[in-house]
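J.: My questions concern the predicted model and sequence given below.
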Amino acid sequence: VVVVVVVVSARRVVEVSVSLGASAHASARELWEAAKRARGKAEKTESAAAAVVVAAEKKSVAQLAKRESRAALGAVVDRAAQAWWHKFAWFVSSDGYLCVSPRDRSQLDRVLFEVARRGKDAVVCAEAANFAPCLVRGRPSDDGTWRVSPLALSEAGSFVACRSEAWSRRDRCATYWLEATDVRKSPPDDRWRAVFDAVGDFAVRLAAKTYLPPALLELGLAVLFSLDRPAAFFKDKVDPADLVALRAPLGDEPPRPRPE
């Protein structure tokens, strides 16, 4: 026989089932054991809930930090993507000559037939499949003529060779240079030859080819950090006029002139 006893207190009402066939001690023990099990379940539930809350907080903090990191990185990437050097394959030679190479057909026409200055710049090519020509920006000399250093041409030759199939074949290839005036979009006569490269085709004047020393298949990489002004990367090595010609079409502001 089970009797339901209603215990009324000032705070709450609790229904307790008591068996009349059991002694008072047995009934009390059973009730205490049930209460103990209930307390254990409540403590486990509270511990699990607290662990879930802590894990959720950690996950939220980690996601927020990751989101902020991505936002900061995205801002840096967006800012860097506006710089002109992300549009071309480029480097500055050891003696400070700016060397620019196209990445696709539109950049090929831009570099060879718009940026290139006739009678001032040089174009470096390779006798290998899938190469991309490199434009070396000339500098004025003391006598008023424009020149390009042999070191810059040699490094540009290695740059062109490394970006051709010679790199994958691990085999050297012949490289040569010619003036920008000796490069055209199509061959006008037999003195010119069409050249097919990785980013398009153009024509070079055969008699103007000047071969360079064997190109080394060595290529180095560097990380640049933006300082207070874009021209700070190059300090006294690159003429700001060279940067203006390449940056202006991309919507960037021209670099400030170097302090003397």
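T.: The structure has been received and is ready for your questions.
J.: CA atoms for contacts and neighbours, from now on please.
T.: Fine.
J.: in a strand, that's where L178 is, yeah?
T.: Yes. Checked against DSSP: H, G, I helix; E, B strand; the rest coil, L178 lies within a strand.
J.: helix or strand for R67, which one?
T.: For R67, the host element (DSSP states H and E) is helix 24-81.
J.: where along the stretch 51-200 of the chain do the helices fall?
T.: With DSSP state H, counting those that start in this stretch as the criterion, the stretch 51-200 of the chain has helices at 105-110, 150-162, 165-169.
J.: Turn these into CSV, including mean pLDDT, mean neighbour count and distance to A62.
T.: Formatted as CSV, these follow (pLDDT from 0 to 100; neighbours: other Cα atoms under 10 Å; distance: least, Cα to Cα, whole Å):
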stretch, mean pLDDT, mean neighbour count, distance to A62
helix 105-110, 85, 16, 42
helix 150-162, 93, 25, 42
helix 165-169, 87, 14, 42
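J.: Among those helices, single out whichever gets nearest to S47.
T.: Closest to S47 of those is helix 165-169 (Cα to Cα; 60.0 Å).
J.: ok, back up a step: distance to A50 for the helices of the stretch 51-200 of the chain - can I get that in TSV?
T.: Formatted as TSV, the helices of the stretch 51-200 of the chain follow (distance: least, Cα to Cα, whole Å):
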stretch	distance to A50
helix 105-110	59
helix 150-162	59
helix 165-169	58
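J.: which stretch among those helices comes nearest A26?
T.: Across the helices of the stretch 51-200 of the chain, closest to A26 is helix 165-169 (Cα to Cα), at 87.5 Å.
J.: so how far is the closest one from its chain's centroid?
T.: Centroid displacement of helix 165-169 relative to its chain, using Cα atoms, centre = their mean, to the nearest Å, is 24 Å.
J.: So which elements touch it?
T.: Contact partners of helix 165-169 among helices and strands, from 3 or more Cα pairs under 8 Å, 6 or more residues apart in numbering; DSSP states H and E: none.
J.: redo that, cut-off 10 Å
T.: helix 150-162 (3 or more Cα pairs under 10 Å, 6 or more residues apart in numbering; DSSP states H and E).
J.: Relative to V148, how far out is D182?
T.: Counting by Cα to Cα, to the nearest Å, the gap from D182 to V148 is 15 Å.
J.: again, but for R70
T.: On the measure of Cα to Cα, R70 and V148 end up 43 Å apart.
J.: Looking at these two, which is more packed in?
T.: V148 (18 against 12; other Cα atoms under 10 Å).
J.: Just give me the neighbour total for the residue nearest to that one when sequence neighbours are not counted.
T.: Counting by Cα to Cα, 6 or more residues apart in numbering, V148 lies nearest to G138, which is 5.0 Å off, once chain neighbours are set aside. Other residues near G138 number 22, with proximity taken as other Cα under 10 Å.
J.: and if you look at A222?
T.: Per other Cα under 10 Å, the neighbour tally for A222 reads 6.
J.: residues contacting it?
T.: Listed by Cα atoms under 10 Å, 6 or more residues apart in numbering, the contact set of A222 reads F91.
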